[in-house]
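Visitor: sequence first, then the predicted structure:
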Amino acid sequence: MGGHPWFYFVPYQPDIDKALQELKQTEFAAGRYNPVIRFPDFPVGPGSPNPGPRHASIKAALRASMEDGTRSILDMDGVSKSPDYFKVCPLPERELVRLYGTTRPTREMVEEMLFLEDAERGQGVYLVLYKNGEPSEILFAGYSFD
């Protein structure tokens, strides 16, 4: 069938793993994951579906999603310095420069050209987005397993 892209914009905080874990809890509580919503829509916003969780925990949701994964941030269990399965890692600076001409892209730059066409299934990346020269958001993005 093929992997499905997912991506989220969250307010910036310097602790990337904390931002990831908070996002996971938010999305789990909203029920925006497979199998509750088979193919969640992105980006998530105020009008996004919010059916609530249908599992006792994120771990139970992961088991229920089987080989497809949750098709969401719930598939990522932590932060890594380099690409790895079930992890998000920083998008390398050389990629930022190649894609956006800067190491400090804005949300507008990223929205014009989301970079997921070469993403590896079951892995994610993050990048800090800037506004007026200051960190303003974190983008988490990746591809589901199937």
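Guide: Perfect, I can see it now. All figures in this text were calculated on a predicted structure; none of them were measured in a lab. Numbering: from 1, shown residues only.

Visitor: ok, and the closest non-adjacent residue to Asp41?
Guide: Leaving aside its sequence neighbours, Asp41 sits nearest to Ser48 (CB to CB, 6 or more residues apart in numbering; 6.7 Å). C-beta: built from backbone N, CA, C; applies to glycine.

Visitor: how about the contacts made by Thr26?
Guide: With contact set as CB atoms under 8 Å, 6 or more residues apart in numbering, Thr26 has no partners.

Visitor: right, I mislabeled it, should have said Thr106
Guide: Counting by CB under 8 Å, 6+ apart, Thr106 makes contact with Leu129, Tyr130, Lys131.

Visitor: out of those, which are inside strands?
Guide: Among the contacts of Thr106, the residues falling in strands (DSSP state E) are Leu129, Tyr130, Lys131.

Visitor: now the helices: where do they sit in this structure?
Guide: Shown for the chain, the helices assigned by DSSP state H span residues 16-30, 58-65, 93-100, 107-112.

Visitor: just the angle between the strand of greatest length in the chain and helix 16-30, please?
Guide: Using DSSP E to define each element, the chain has its longest strand at strand 134-143. In terms of direction (axes from the mean of the first three to the mean of the last three CA atoms, to 10 degrees), strand 134-143 departs from helix 16-30 by 60 degrees.

Visitor: kindly export strand 134-143 (C-alpha atoms) in PDB.
Guide: This file holds the C-alpha atoms of strand 134-143, laid out as PDB (Å, rounded to 0.1, in the frame of the first residue of the first chain):
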ATOM      1  CA  GLU A 134      13.800  33.800  16.800                       C
ATOM      2  CA  PRO A 135      12.700  30.200  17.200                       C
ATOM      3  CA  SER A 136       8.900  30.100  17.000                       C
ATOM      4  CA  GLU A 137       7.800  26.500  16.200                       C
ATOM      5  CA  ILE A 138       9.000  22.900  15.800                       C
ATOM      6  CA  LEU A 139       8.000  20.900  12.800                       C
ATOM      7  CA  PHE A 140       7.800  17.200  13.300                       C
ATOM      8  CA  ALA A 141       7.400  15.200  10.000                       C
ATOM      9  CA  GLY A 142       7.800  11.700   8.700                       C
ATOM     10  CA  TYR A 143       6.300   8.700   7.000                       C
END
